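>>> A structural model of the following input is requested.
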Amino acid sequence: MTLKEELHHLVDELPNRELHAAKRFLEYLRNMGDPFLQALEEAP
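Presented below is the predicted three-dimensional model:
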């Protein structure tokens, strides 16, 4: 099983009440290395 398949499996096993938190965390991880998004977050 690939790492992505394992992650999909973990998401499938999450209780519904945890899905929003998991989505926010995965979006955070996805956006961590995006310099444009970092600049937007740091803008006044």
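>>> now do stretch 6-13: distance to the chain's middle.
Averaging C-alpha positions (CA atoms, centre = their mean, to the nearest Å) puts stretch 6-13 13 Å from its chain's average.
>>> now stretch 17-25
Taking CA atoms, centre = their mean, one finds stretch 17-25 lying 8 Å from the centre of the chain it belongs to.
>>> can I get it in PDB, CA atoms only?
Extracted C-alpha coordinates of stretch 17-25, given in PDB (Å, rounded to 0.1, in the frame of the first residue of the first chain):
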ATOM      1  CA  ARG A  17     -16.800  15.100  13.900                       C
ATOM      2  CA  GLU A  18     -13.000  15.200  13.000                       C
ATOM      3  CA  LEU A  19     -13.300  15.700   9.300                       C
ATOM      4  CA  HIS A  20     -13.300  19.500   9.400                       C
ATOM      5  CA  ALA A  21     -10.200  19.500  11.600                       C
ATOM      6  CA  ALA A  22      -8.400  17.100   9.300                       C
ATOM      7  CA  LYS A  23      -9.300  19.200   6.200                       C
ATOM      8  CA  ARG A  24      -8.000  22.300   7.800                       C
ATOM      9  CA  PHE A  25      -4.700  20.600   8.800                       C
END
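>>> go through that stretch and flag the buried ones.
Of all the residues in stretch 17-25, not one is buried under the rule 16 or more other CB atoms under 10 Å. (Glycine included, C-beta is placed from N, CA and C.)
>>> just the residues contacting it, thanks.
V11, L14 (CB atoms under 8 Å, 6 or more residues apart in numbering).
>>> the residue nearest the centre of the chain and E18, how far apart?
The chain has L26 as the residue nearest its centroid, 0.4 Å off, counting by CA atoms, centre = their mean. From L26 across to E18, the span is 12 Å (CB to CB, to the nearest Å).
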